[in-house]
Structure formats: C-alpha cells, structure tokens
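pasting a predicted model and its sequence here:
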Amino acid sequence: MRAKWALFIPFTVAIVAVALNTARAAGDDEDPRRPVTGERGQTAQTGQSIERRVKQYFAQNDSNKDGKLSRDEFPAPFRRAFDRIDADNDGQVTLEEDLAYRRSRASGAQRFRNRIPARQRPGTALRTKPTFENVSYGPHERNVLDFWKAESDKPTPVVVYIHGGGFRGGDKKGANQANIAKCLANGVSFAAINYRFRMTTTLDNIMLDIARAIQFLRHKSGQWNIDKSRFAAYGGSAGGGASLWLAVHDDLADPKSNDPVLRQSTRLTVAGHLNSQATYDCEKWTQIVGVPSSWTTEMGMTDDLDFYGVKSRDQVDSPKARKIRRKVDMLAFMDKGDPPLFLHNVGPKTEPQNKGRVIHHPRHAIYLKKQCDRLGIEAAIVLADTPPEKKADMLDFFFKHFKVKTKVKDKSQVS
C-alpha cells in the first residue's frame, strides 16, 4: 500500500501544478486590473505586451484621470508593493515607474532581489515603529503626525516628510522606511505629517496646516530632544511643493500669539522638492512648462479650482482666487536668503500629453534651478540625463547642511 501511495502522490501534485499554472496564465489575460505585484513568469512577455497591460491597468484604476495612481487607487491587496513601484517616493505611481518595475521583474532582477536578506534590500527596510504616533498638532482631524526620535545625548536635527497626493489624498504612512532608518542611524530624528485636503479647505489654509506642524515640532523640542535650528522638509508632488513653500515663505512665527505653538519659527535649513511643482499659481504653468493657455480645458485640469475655492474657470481671475494665488506663489517669495534646495525629477522631457505630465514635468525643477542660480540660492538638481557621478543624494545633501557627519551612506529612496 505504501508503494502505491508513493507513486500516486507525485502524479497528483503534477496535475495540480499544471492546473494552477493554466489558471494563472488565463487570469493574466483575463484580468488586466491585476497589478505587477504577484505576477510571475514575466520573462516570456514582450515589452509591447507589458506596456499594453500597464496602460490598460492604469486606465481602469486611474479614477481621477490624472495620469498616475495614488495609494488609494491601488487595489488594497496589492498596496504592499506600492513603495517599491513608486521610485521617486512622491506618493504617486506614474506609467513610467510601473513599466520600469515590471521590466525589472521580467529581466529576472526580482528573483535576484529575493535572494538578498530583507534588511539589505534597498527600499525594503523593516518598518520602524514611531516613538510617538498620531500626535495631534492642530484642531482638525487630519492635523496629526508621527515622530521617530533619534538616540542622542544632544538635540537632534529633524527631517519632516510631507506626503503627496494632489492635496486630495495620501497619508503620512507613505514615508519611506529606508529614509527613516538612514536618518535614525545618523542621529537625525524623523517626522511624517498629515494635513487637510482640498475638498474641505483652500490651498493657503493647507499650507498653514503644514507650517503649524513644523511649529509644533519646535514647540516639542525640549521633550523630544530636537534642535530647533536644524529642520528639513521634503516630499513628492504636493509634498515637494509644500516643502518649497515652507523653504521660501517668510517666517510665520508670531511672538505675541496666545498659542505657544504659533510663537515658533516655520523656517527650514534645507528642503527637498521631488517630482513637484514650481508654484501653485497654476496660471504660471503655461510659461514654466511651455503649454498653450488652453491646456486646462483641453486636458481637463480642475485641481486649481479646488485650490482657490472657486467653481469655474472664469473665476480663477476673481479677487478671491487672485488673493489665494498670491499666497501660494512660491516663485514670488524666493530671495537670496532662502535655504538650499534639492530638486529631483527624472521624468521624460518630452512634450506633455495629459495634465499629469504637465503637473509633474521636469521643467518645473529646471525653472526653479534657474531661479535659484539667478538669486544666489544653492540648489542641487537631479534629472533623467544627469550623469551618475553628478547625482546628489537627498539625505546626504540634508546632512551636509545640518553639519552631520554621515555614518550610514545608503542611498536616499528618491530614485
């Protein structure tokens, strides 16, 4: 009897394996929504079939049709791969990032990666629990932050992560674990913040939320061992624009305020602007990106209407909208006394064909670099065609301006 079972079991396993592979292959063809996570056998696919499936997947999941996928637009079972696909850590996955990730898997890079212990994989650092989690810094529900306290006998600098998501989505949970680990290993504390969305308030008020988070952290300096004089902020897309706003805006500290938080400074030592925008006076994007004035209508751009609290395109020049546009025009605030900027955008320099490409075009970073050079503001820029030997590392750039000697030299997770 034992001998018969010995022959029967391998035969049964083989049949089940064939059935599973057949079902998986059928599922790949029948369910284009299935993202890159969980795919296997990609080496047999051509580049054309990969691109076709990615485009089909994007079309089905891009609910706001902005040319990119937020974490919320990813099906819940596959969000664990979001940070690996989001190469520039801006809280949005572009078509180019998704294609690059699929192709790396198809080439066998993922199989090699799986043989590396988890602690050694770039971008897959084990999650470090915040020292303080969901701490309220203001009166609104989304005015919360997480804080990771670096071990040090002396007050530590702080790097603040501001998530992206078009000011309509995203979360502080998107903070890259590898960046948190590198900061803590080098004696630098880390914070990640949430803020209100544009469905509930205008963009100028969102910026004040973010400024208050910086002031709150300074208010906690004694309890959390923070050096008030060394603050950095960074983020992708909306988070990068908010970091730029903080960097170039005049100090919002009000020494006479009854609120002790508002007495603190909002100024930064250095800032990181990743795949982001040069200004939130979006009327200036026509000049910056080089698109016709009709692009907002032709490409379905309505984000700015929410920014300024108006209902239609003809209200963008109303007194109310003009007032808000002035408050969020970072270009108008820039002057020689502003802190150094790290600019990163490795997107294609081709002419934009949709609003997502206008919003995230590298010409925003290029324009900012020219303004910095003109005004005498230090700026490092990384573009798609930047030679490898000239690519600056964001956290190393921050540490240099913190005057922190780098002990752990892992690359920052922005590219």
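That came in fine, so what should we check first? In this text, all values refer to a predicted model and were calculated from it rather than measured experimentally.

tell me where this protein has strands.
For the chain, the strands defined by DSSP state E cover 68-70, 92-94, 132-136, 144-148, 156-162, 189-193, 226-236, 270-274, 341-345, 379-383.

mean neighbour count, distance to Met199 and mean pLDDT added to the ones you listed, as JSON lines?
The C-beta positions use only the backbone N, C-alpha and C, and glycine is treated the same way. JSON lines is the format used below for those (neighbours: other Cβ atoms under 10 Å; distance: least, Cβ to Cβ, whole Å; pLDDT from 0 to 100):
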{"stretch": "strand 68-70", "mean neighbour count": "26", "distance to Met199": "14", "mean pLDDT": "81"}
{"stretch": "strand 92-94", "mean neighbour count": "26", "distance to Met199": "18", "mean pLDDT": "80"}
{"stretch": "strand 132-136", "mean neighbour count": "14", "distance to Met199": "21", "mean pLDDT": "98"}
{"stretch": "strand 144-148", "mean neighbour count": "21", "distance to Met199": "18", "mean pLDDT": "98"}
{"stretch": "strand 156-162", "mean neighbour count": "28", "distance to Met199": "18", "mean pLDDT": "98"}
{"stretch": "strand 189-193", "mean neighbour count": "28", "distance to Met199": "18", "mean pLDDT": "98"}
{"stretch": "strand 226-236", "mean neighbour count": "25", "distance to Met199": "19", "mean pLDDT": "98"}
{"stretch": "strand 270-274", "mean neighbour count": "29", "distance to Met199": "24", "mean pLDDT": "98"}
{"stretch": "strand 341-345", "mean neighbour count": "28", "distance to Met199": "27", "mean pLDDT": "98"}
{"stretch": "strand 379-383", "mean neighbour count": "21", "distance to Met199": "33", "mean pLDDT": "98"}
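
would you turn these into CSV with distance to Val404?
Output for the strands of the chain, formatted as CSV (distance: least, Cβ to Cβ, whole Å):
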stretch, distance to Val404
strand 68-70, 33
strand 92-94, 30
strand 132-136, 22
strand 144-148, 16
strand 156-162, 6
strand 189-193, 11
strand 226-236, 8
strand 270-274, 11
strand 341-345, 15
strand 379-383, 17
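
for Thr202, find the nearest of these.
With Cβ to Cβ, the closest approach to Thr202 among the strands of the chain belongs to strand 156-162: 17.6 Å.

tell me the strands beside the closest one, with direction?
Strand 156-162 pairs in its sheet with strand 189-193 (parallel), strand 226-236 (parallel), by DSSP bridges.

now these in JSON lines, with distance to Asn354?
Shown next, in JSON lines, are these (distance: least, Cβ to Cβ, whole Å):
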{"stretch": "strand 189-193", "distance to Asn354": "29"}
{"stretch": "strand 226-236", "distance to Asn354": "18"}
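
what residue spans form the domains of this protein?
The chain breaks down by automatic domain parsing into domains covering 1-27, 31-115, 132-402.

related to what we said a few turns ago, of all the strands paired with strand 156-162, which one is nearest Ser312?
strand 226-236 (29.7 Å).

give me the angle between that closest one and strand 270-274.
20 degrees (axes from the mean of the first three to the mean of the last three Cα atoms, to 10 degrees).

strand 226-236 to strand 144-148, inter-axis angle?
110 degrees.

just the C-alphas of strand 226-236, formatted as PDB.
C-alpha atoms of strand 226-236 as PDB (Å, rounded to 0.1, in the frame of the first residue of the first chain):
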ATOM      1  CA  ILE A 226      15.000  68.500  18.900                       C
ATOM      2  CA  ASP A 227      17.500  71.100  17.700                       C
ATOM      3  CA  LYS A 228      15.200  74.000  16.600                       C
ATOM      4  CA  SER A 229      17.900  75.400  14.400                       C
ATOM      5  CA  ARG A 230      18.100  72.300  12.100                       C
ATOM      6  CA  PHE A 231      14.900  71.400  10.200                       C
ATOM      7  CA  ALA A 232      14.400  69.900   6.700                       C
ATOM      8  CA  ALA A 233      11.200  69.000   4.900                       C
ATOM      9  CA  TYR A 234      10.700  67.000   1.700                       C
ATOM     10  CA  GLY A 235       8.100  65.200  -0.300                       C
ATOM     11  CA  GLY A 236       6.900  64.200  -3.700                       C
END
